[in-house]
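In: Okay, predicted coordinates and the sequence, questions at the end:
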Amino acid sequence: MIKQLQMGIKLLRYTHGIVANTVLGALILLVGILMELGSSGSSGMAVASLSVGGYFILMTAMWPLQMLISLNVPGVVAASPWKKRIQTSVFSVSAVVYFTLTYTLVMVLKLLKWKSGFVSEERFVIEMLQMVVFVFILMIYMATSLKYFVVSTIVFCIVMPAFMVSYMIAYNMDILARLNLGPVAVILIGYATIFLSTLLGNGILHLLYKKPVSKYSQMSSLRKKM
């Protein structure tokens with residue numbers, strides 16, 4: 001596991017569009033942090049609304065993963081024994097690390113707001129539960145979109161609104177309250193979800209390994225080489 005992570009980090013310097021991707025990822029992370037810090041407590045249906053700041057922070061974990069896969073497009077590692085592992089085990093181990101880091105950052109920011117009195121314990125649990133589902137959706141989306149970008153994106157655009165509507169309904173019908181989850185429990189569920197969704201994603205990556213990388217999942221400047 002350590003070896004795959006080290007390889008994934010070392011290879012990032014050779015990825016296509018590293019400067020542009022790094023700057024864009026950093027900007028989204030900054031926006032997410034500012035939005036998260038700027039959000040305040042609310043009541044009613046708004047409590048179950050989308051935690052945009054946290055969502056943006058989680059999204060930044062996708063940037064280095066997308067960059068890693070770009071190595072396979074121009075044939076940089078075509079003759080390397082690491083070719084398959086970059087698309088499977090290296091990708092999955094890196095995903096665990098990056099999503100764990102972003103999830104932890106979201107958790108810390110929300111925890112600070114709760115302990116400072118800006119949000120209630122109820123809202124902390126509700127929003128962290130959202131993060132659990134977001135992690136799962138984003139992990140599976142990453143595993144499928146690199147090979148089937150268009151179809152995966154269409155499904156993603158259907159699943160996300162459907163989840164948010166269902167979440168608000170569940171909140172207003174007190175279904176979420178009946179789960180009786182405390183702060184510690186929901187945090188631990190989030191970490192468990194990262195590992196479980198990674199295992200599922202790794203299985204998908206192995207199944208789709210022989211499929212070509214979708215050119216629509218890469219930067220426009222890289223599509224010309226595909």
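Out: The structure has been received and is ready for your questions.
In: and the lengthiest helix in the chain, what's its mean pLDDT?
Out: Longest helix in the chain by number of residues (criterion: DSSP state H): helix 89-115. Here helix 89-115 scores 92 as its mean pLDDT.
In: so what does that helix touch, helix or strand wise?
Out: Under the contact definition 3 or more Cβ pairs under 8 Å, 6 or more residues apart in numbering; DSSP states H and E, helix 89-115 sits against helix 2-11, helix 18-38, helix 52-59, helix 62-69, helix 121-145, helix 183-207. All C-beta spots, glycine's among them, are computed from the backbone N, C-alpha and C.
In: Turn these into JSON lines, columns for mean pLDDT and mean neighbour count.
Out: Putting these into JSON lines (pLDDT from 0 to 100; neighbours: other Cβ atoms under 10 Å) gives the following:
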{"stretch": "helix 2-11", "mean pLDDT": "72", "mean neighbour count": "15"}
{"stretch": "helix 18-38", "mean pLDDT": "87", "mean neighbour count": "15"}
{"stretch": "helix 52-59", "mean pLDDT": "90", "mean neighbour count": "21"}
{"stretch": "helix 62-69", "mean pLDDT": "82", "mean neighbour count": "21"}
{"stretch": "helix 121-145", "mean pLDDT": "90", "mean neighbour count": "21"}
{"stretch": "helix 183-207", "mean pLDDT": "93", "mean neighbour count": "17"}
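In: could those go into CSV alongside distance to L112?
Out: Compiled in CSV, those are given as follows (distance: least, Cβ to Cβ, whole Å):
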stretch, distance to L112
helix 2-11, 28
helix 18-38, 9
helix 52-59, 13
helix 62-69, 25
helix 121-145, 10
helix 183-207, 13
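In: So which of those helices is nearest M160?
Out: Checking the helices and strands packed on helix 89-115 against M160 by Cβ to Cβ gives helix 121-145 as the closest, at 6.8 Å.
In: Which helix or strand lies directly C-terminal to that closest one?
Out: Scanning forward in sequence from helix 121-145 by DSSP states H and E, the next helix or strand is helix 149-172.
In: so what's the residue lying closest to L208 once chain neighbours are set aside up against?
Out: Spatial nearest neighbour of L208, excluding adjacent residues (Cβ to Cβ, 6 or more residues apart in numbering): K147 at 4.6 Å. Residues in contact with K147 (Cβ atoms under 8 Å, 6 or more residues apart in numbering) are 208, 211-214, 217.
In: try M62
Out: M62 touches 138, 142, counting by Cβ under 8 Å, 6+ apart.
In: now L199
Out: L199 is in contact with S92, counting by Cβ under 8 Å, 6+ apart.
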